[in-house]
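Student: next come a sequence and a model predicted from it.
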Amino acid sequence: MNLKKQIKRLHLIYQDVRKRFPGHRPRIFYVVPEANWSIDWDGHYITDGVRSQFPVQAELSRDSRWLSGQIVHYGSLWSYLGNQGHPQNARNKIVVTVFHGNRTGNDKNLSEGIEKLLDGQDEIDHLVVSNSIMQARFIEWGIAASKLSSIPLGVDLSLFKAASQAEKLAMRKKLGIAQDAFCVGSFQKDGEGWEEGLSPKLVKGPDLFADAIEMLSKQHKLHVVLTGPARGYVKKRLDQAQIPYTHVQLDNYEEIVPYYQALDAYMVSSREEGGPKGVLESLACGIPLVTSRVGLAPDVITDGENGLLVTNGDAIELADAMERIILETNLRGSLRAKGLETIQAYDWTKIAAAYYGEVYKPLIDGSGAG
């Protein structure tokens, strides 16, 4: 008997066992790439949170080809498209998360990816987005509201927290930040590729970030803190403008917390986003935030209360909003306090519970589980 026939026979036996024992509960497999990437951590927190709170098995997976009769959650559009069409998919319940994208736009690969997903939507049992912008887009594109959930990203509040003044000063000293400098952070990959990143990834707005920082530097003493790969474009712009900065690449995502805690403010200049996580992480660390109206920012931020929202693609507005934070001490304090209050709703344990209640449990209940 060849391998294909053996697999088919085993699958028939498996289906027979499911019929005989209706208490079978499918497991949840969150599929992520073999890379130390952001969605790895999403999958880690979601599966850990589900497993610790509910009677179901949930785990990360690097390969979905041998899964059958399970709930298979692809953590990104690219994870799904890389596995689309496997015969096992017809026997699994398929969940896909899509963070951002449009059918038209500057990113041709992303637009084509969205079209492929829409063409194959009958294969998908549930689609998850992280913000109301993408939710509205998918409904407009014909995805049924019943198979679509908007669940935000989360943050680990046991890890991301406000620092004491002593901790803040110690980290700034370690980074060589002048005591009288206003420190602005940007912790996202915004260059093309995974190397130096001299070519800007415009969807992330590195040109807008650099423009805004240059404007501010004419009136204020600044220090910029950057993390992540492919930051070459921004670094080159800062060098040209003679603006002091610190750039670090971290091997472990959890090491980023002290870098937030060293900041006076955080800036998101993206033109398109699914998150970004920097919105949540800066609030959790008590850092005032200026962000364009992208991704989950308009869902989380009320302008002037827990952060400042600006028009997408407008460097002048970014600079003006940041200048308000620099000059208005009372505003900094109120944004910090309200941000720390807001972020309590976004702890990963609560987000994982939303995944279970809105996505996984209905699929489990509909699979013949007892």
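Tutor: Everything's here; your move.
Student: spatially nearest residue to V95, not counting backbone neighbours?
Tutor: H73 (4.1 Å; Cβ to Cβ, 6 or more residues apart in numbering). No exception for glycine: its C-beta is placed from N, CA and C like everyone else's.
Student: and if you look at L363?
Tutor: The spatially closest residue to L363, leaving aside those adjacent along the chain, is K93, at 4.5 Å (Cβ to Cβ, 6+ apart).
Student: report how many residues lie close to the one you found.
Tutor: By other Cβ atoms under 10 Å, the residues close to K93 number 22.
Student: ok, it touching D125?
Tutor: Yes - under the criterion of Cβ atoms under 8 Å, K93 makes contact with D125 at 4.7 Å.
Student: so S149 is in which element?
Tutor: Secondary structure from DSSP states H and E places S149 in strand 148-150.
Student: show me what the next helix or strand along the chain from that strand is in contact with.
Tutor: Moving toward the C-terminus from strand 148-150, the next helix or strand (DSSP H and E) is helix 165-175. With contact meaning Cβ atoms under 8 Å, 6 or more residues apart in numbering, helix 165-175 is reached by 163, 179, 183, 225, 246, 258-259, 261-262.
Student: and for the residue nearest to V95, the neighbour number?
Tutor: H73 has 31 nearby residues by other Cβ under 10 Å.
Student: so for the strand holding S149, mean pLDDT?
Tutor: For strand 148-150, the mean per-residue pLDDT is 98.
Student: now do that strand: which elements does it pack against?
Tutor: For strand 148-150, the elements it packs on are strand 126-129, helix 132-140, judged by 3 or more Cβ pairs under 8 Å, 6 or more residues apart in numbering; DSSP states H and E.
Student: just say which of these is most tucked in.
Tutor: strand 126-129 (a mean of 23; mean count of other Cβ atoms under 10 Å).
Student: so what touches it?
Tutor: The contact list for strand 126-129 (Cβ under 8 Å, 6+ apart) reads 93-99, 121, 135, 138, 143, 147-151, 274, 355, 359, 362-363.
Student: apply 6 Å and report the result again.
Tutor: 95-98, 135, 143, 147-151, 359 (Cβ atoms under 6 Å, 6 or more residues apart in numbering).
Student: what of stretch 186-196?
Tutor: With contacts defined as Cβ under 6 Å, 6+ apart, stretch 186-196 is touched by 197, 199, 201, 204, 206, 209, 226-230, 232-233, 267, 276, 278.
Student: likewise stretch 338-345?
Tutor: 283-284, 286, 305-306.
Student: in that stretch, which residues are buried?
Tutor: 338-340, 342-343 (16 or more other Cβ atoms under 10 Å).
Student: how is the chain carved up into domains?
Tutor: Here the domain assignment for the chain is 18-154+348-365, 165-345, based on automatic domain parsing.
Student: tell me who's in contact with the residue lying closest to F160 once chain neighbours are set aside.
Tutor: Once flanking residues are discounted, F160 sits nearest to A284: 3.8 Å by Cβ to Cβ, 6+ apart. Neighbouring residues of A284 by Cβ under 6 Å, 6+ apart: 155, 157, 160, 343.
Student: ok, 7 Å please
Tutor: Counting by Cβ atoms under 7 Å, 6 or more residues apart in numbering, A284 touches 155, 157, 160-161, 343.
Student: what distance do you get for it to G120?
Tutor: Per Cβ to Cβ, to the nearest Å, A284 is found 37 Å from G120.
Student: now do R91
Tutor: 16 Å.
Student: contacts for the strand holding S149?
Tutor: 126-129, 131-132, 135, 138-139, 358-359.
Student: before we move on, the earlier item: and which of the buried residues of stretch 338-345 is nearest T291?
Tutor: Nearest to T291 among the buried residues of stretch 338-345, counting by Cβ to Cβ, is G339 at 11.7 Å.
Student: which SSE is that closest one in?
Tutor: Assigning secondary structure by DSSP H and E places G339 in helix 329-342.
Student: flag every buried residue along the next helix or strand after that helix.
Tutor: Downstream of helix 329-342, the next assigned helix or strand under DSSP H and E is helix 348-355. Applying a neighbour-count criterion of 16+ other Cβ under 10 Å, one finds 348-349, 351-352, 354-355 buried in helix 348-355.
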